[in-house]
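Peer 1: need a 3D model of the sequence below.
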Amino acid sequence: MPKRPQTDEATPAPAGSPKRRSWFARHKFLTALAAAVVLIIAVAIGSGGDGDASSPDPAAATPTAPSEPTTEPADAEEPAAEEPAAEEPAAEEPAPEEPADELAERYPVFEVVEQSGSGDSIVAVPAAAAMVTMTHDGDSNFAVVVLDAANAPTGDLLANTIGAHTGTAAFGLTALSGEPANLQITADGNWTITIAPLASAPALPESGTGDGVFRHDGDATIWAMTHDGESNFAVLQHTDGLIGVNLLVNEIGAYTGTVPASGGPSIVTITADGNWTITSQ
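Peer 2: All right, here's what the predicted structure looks like:
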């Protein structure tokens, strides 16, 4: 009898023979081990796969040093620079006291008096001693005489000239009697009178013209003098009252000479109708 051709269909197992299990069922341990390997590979792929998962990151492994705390907050404002303390002004030294003016102590001090007029007149004086500056623009006699309270002359003749006149004279230095009270003015023209304290007299210059009143504060010296006028030339130095009067020159007309002068402070009166010079040697 001819054989039947073989087919791919499995020949059924004979009845009553036991059924065979699969390979996985028969090898459970190997199956579990294979599943574990597959799981590890899947985890490695999921974590990036760029490096060995077991290699620690050097940056992560190195501990970072803790930063030092700042002493000031970041937003703290810088303290304003302290302004230098203002220097206290140095204590002012007291100004040195000016030396006392002996002439101001010796003779009266008062407010200057100015008067003007025309023709003959009477002018009251403010003190017993002073210097008087006078002007006159007339053509006839011009005279200024000092009177006391009884209208008697004290002996001080301040001016006695003809025509125009400009000059300064003093009273109260050598008065012989009575206390000065008024000035008697004789004039035919306009005149001016200025009465001032003797201590305000200017310093004695080396040259001048006509009558004048000056102060000499220097030491004792030798004066060489000249005068080119035609009338009386007189120079007196007053150091203290009548006792201190030094008559240096009393001549008529031109003069040239040398005289001794006392130390100051003193008042020097000059009577002249021309130019004069006084030079210390």
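Peer 1: which intervals of the stretch 51-200 of the chain have sub-threshold pLDDT?
Peer 2: For the stretch 51-200 of the chain, applying pLDDT under 70 flags the ranges 51-91, 94-99, 175-177.
Peer 1: how much space between the closest residue to residue 228 other than its chain neighbours and residue 163?
Peer 2: Spatial nearest neighbour of residue 228, excluding adjacent residues (C-beta to C-beta, 6 or more residues apart in numbering): residue 274 at 4.5 Å. Using the backbone N, CA and C atoms, a C-beta is placed for each residue, glycine as well. From residue 274 across to residue 163, the span is 15 Å (C-beta to C-beta, to the nearest Å).
Peer 1: more neighbours, the two?
Peer 2: residue 274 (16 against 13; other C-beta atoms under 10 Å).
Peer 1: need the phi and psi values for residue 198.
Peer 2: phi -60, psi -30 (degrees, to the nearest 10).
Peer 1: if I look at it, how far off is residue 140?
Peer 2: Residue 198 is 30 Å from residue 140, by C-beta to C-beta.
Peer 1: tell me which of those two has more neighbours.
Peer 2: residue 198 (23 against 11).
Peer 1: ok, the more buried one - contacts?
Peer 2: 103, 107, 129, 130, 131, 170, 173, 213, 215, 267 (C-beta atoms under 8 Å, 6 or more residues apart in numbering).
Peer 1: the second one: neighbouring residues, count only.
Peer 2: For residue 107, the number of neighbouring residues by other C-beta under 10 Å comes to 24.
Peer 1: could you do the fifth one as well?
Peer 2: Other residues within reach of residue 131 by the criterion other C-beta under 10 Å amount to 25.
Peer 1: that one sits in which helix or strand?
Peer 2: When elements are assigned from DSSP states H and E, residue 131 belongs to strand 130-136.
Peer 1: who are the packing partners of that strand?
Peer 2: strand 141-148, strand 153-162, strand 165-171, strand 190-196 (3 or more C-beta pairs under 8 Å, 6 or more residues apart in numbering; DSSP states H and E).
Peer 1: out of the ones you listed, which is closest to residue 246?
Peer 2: Comparing these against residue 246 with C-beta to C-beta, the closest turns out to be strand 165-171 (14.6 Å).
Peer 1: quick one: the closest one to strand 190-196, angle?
Peer 2: Counting by axes from the mean of the first three to the mean of the last three C-alpha atoms, to 10 degrees, strand 165-171 points 30 degrees away from the direction of strand 190-196.
Peer 1: what is the orientation angle of strand 165-171 with strand 130-136?
Peer 2: 160 degrees.
Peer 1: which SSE is immediately downstream of strand 165-171?
Peer 2: Once strand 165-171 ends, the next helix or strand along the chain (criterion: DSSP H and E) is strand 180-186.
Peer 1: export that next one as CSV, just CAs?
Peer 2: What follows is strand 180-186, C-alpha atoms only, in CSV (Å, rounded to 0.1, in the frame of the first residue of the first chain):
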residue,chain,number,x,y,z
PRO,A,180,41.2,182.7,76.9
ALA,A,181,37.5,183.2,76.2
ASN,A,182,37.1,185.0,72.8
LEU,A,183,38.9,186.0,69.7
GLN,A,184,38.7,189.6,68.6
ILE,A,185,38.9,189.8,64.8
THR,A,186,39.7,193.0,63.0
